[in-house]
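Peer 1: Need coordinates for the below:
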Amino acid sequence: MSNHTKTVDVPHLGGSTIGYRFGAEYHPAKPTVVLVNSFTTSVELYRPQFADEELSRAANLLAIEPFGHGATRAAYEQFTYWDSAVADLQVLEALGIERAFVLGTSQGGWIAARMAMLAPATVQGILLLGTSMDYESAGSRERGCWDGIDFCTPSIDALAEPVDDDWVVPGDFVDAVLGAGLGEDVSDDERAFWHSVYQQNYTGDDGRHRLRVCTINLRDRDGLHARLDGVRCPVLWLQGTADQVYSVANAEEEIRLFTGSSEVELRVVEGGQHFMSASHPDVVNAATVELVRRWS
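Peer 2: Predicted coordinates for the structure are as follows:
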């Protein structure tokens with residue numbers, strides 16, 4: 001197993017090919033942390049985690065791309081976050097990994113929670129970064145979160161019609177995601193890097209379709225509030241004060257809903273952005289090491 005992006009076949013959704021990457025050579029004796037990326041990004045989001053030597057010594061790092069993202073493809077044309085949670089569990093089975101922690105950024109957080117609900121014997125703990133357990137509700141906006149309906153709907157409408165093979169994702173779409181995730185101070189090199197990644201991942205009519213379904217999923221997802229007592233493992237939630245998408249007030253409200261978990265904790269990170277694994281990797285990496293060493 002190498003540190004390059006690979007694919008593995010799983011049976012879900014009529015047969016799927018799932019993109020994944022190990023941060024280093026897999027060692028069965030070490031615990032594993034699954035890393036689930038944010039909206040329309042890829043395993044590349046976790047470059048700061050792959051580069052951290054202490055974190056790599058503490059655990060195997062396994063980034064898995066949800067449906068609609070990176071190298072992941074399905075035989076069926078439609079998919080939801082529940083499908084990505086099921087597929088991630090099937091990836092673990094295919095790779096011979098019996099138990100794992102799950103770290104999720106933004107949408108990765110609610111995929112992590114779904115994985116914990118579906119397979120409590122498999123998921124040892126979840127680390128949530130800049131996320132929400134709600135649907136795009138009025139209550140969410142009252143707690144200071146973004147208007148996801150307003151953000152997503154124009155793109156859903158613009159991506160509705162088939163396109164030619166030479167189509168690539170618009171640059172303003174990428175810039176909007178980067179702005180929401182990392183703020184306005186994105187370096188030129190980082191911006192160029194992500195424009196290149198997006199242009200590789202979202203091309204032609206297949207790319208348009210996957211991008212549209214990803215955006216529909218974000219806007220129209222189901223909420224998890226009534227299901228959160230089904231999460232039995234430890235929950236550590238890091239929420240940044242500079243997060244433009246989900247608020248500290250929302251995290252404070254929702255952390256209380258994990259009533260079935262063995263331990264829950266919310267940590268507020270001063271200046272933390274929405275994509276906190278990228279904006280504050282030292283904080284995230286240290287918290288991950290702590291979670292793994294305490295509960296593995």
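
Peer 1: Next, please give the residue ranges for the strands of the stretch 101-250 of the chain.
Peer 2: Assigned by DSSP state E, counting those that start in this stretch, the stretch 101-250 of the chain shows strands spanning 123-129, 235-240.

Peer 1: can you give me the angle the shortest one makes with strand 123-129?
Peer 2: Spelled out, it's strand 235-240. Going by axes from the mean of the first three to the mean of the last three C-alpha atoms, to 10 degrees, strand 235-240 is angled at 10 degrees with respect to strand 123-129.

Peer 1: what does strand 235-240 rub up against?
Peer 2: With C-beta atoms under 8 Å, 6 or more residues apart in numbering as the test, strand 235-240 has contacts from 125-131, 246-248, 251, 255, 258, 261, 263-274, 276, 279-280, 283-284, 287, 291. No exception for glycine: its C-beta is placed from N, CA and C like everyone else's.

Peer 1: separation between the nearest residue to G144 once chain neighbours are set aside and G139?
Peer 2: Nearest residue to G144 in three dimensions, chain neighbours excluded: S247, at 3.4 Å (C-beta to C-beta, 6 or more residues apart in numbering). Note on S247: its distance to G139, by C-beta to C-beta, to the nearest Å, is 12 Å.

Peer 1: of the two, who's got more company?
Peer 2: Each of S247 and G139 has its neighbours counted (other C-beta atoms under 10 Å); S247 has more, 21 against 13.

Peer 1: what sits against V91?
Peer 2: Counting by C-beta under 8 Å, 6+ apart, V91 makes contact with V8, V10, I18, Y20, I64.

Peer 1: hang on, I meant F173
Peer 2: F173 is in contact with S155, Y198, L211, counting by C-beta under 8 Å, 6+ apart.

Peer 1: neighbours around the last one, how many?
Peer 2: Translated: L211. 23.

Peer 1: quick one, what contacts it?
Peer 2: So L211 contacts T40, G68, S155, L159, V169, F173, Y202 (C-beta under 8 Å, 6+ apart).

Peer 1: picking up where we left off before, mind checking which of the contacts of strand 235-240 are in helices?
Peer 2: Taking DSSP state H, the ones among the contacts of strand 235-240 that sit in helices are V248, A251, M276, S279, V283, V284, A287, L291.

Peer 1: got a winner among these for most neighbours?
Peer 2: Neighbour max across the ones in helices among the contacts of strand 235-240 (other C-beta under 10 Å) = M276, 27 neighbours.

Peer 1: Isn't it up against L128?
Peer 2: No - with contact defined as C-beta atoms under 8 Å, M276 does not reach L128; the gap is 10.1 Å.

Peer 1: returning to what we had before: same list (the ones in helices among the contacts of strand 235-240) but as a markdown table, adding pLDDT.
Peer 2: Listed next are those as a markdown table, based on pLDDT from 0 to 100:
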| residue | pLDDT |
| --- | --- |
| V248 | 98 |
| A251 | 98 |
| M276 | 97 |
| S279 | 96 |
| V283 | 98 |
| V284 | 98 |
| A287 | 98 |
| L291 | 98 |
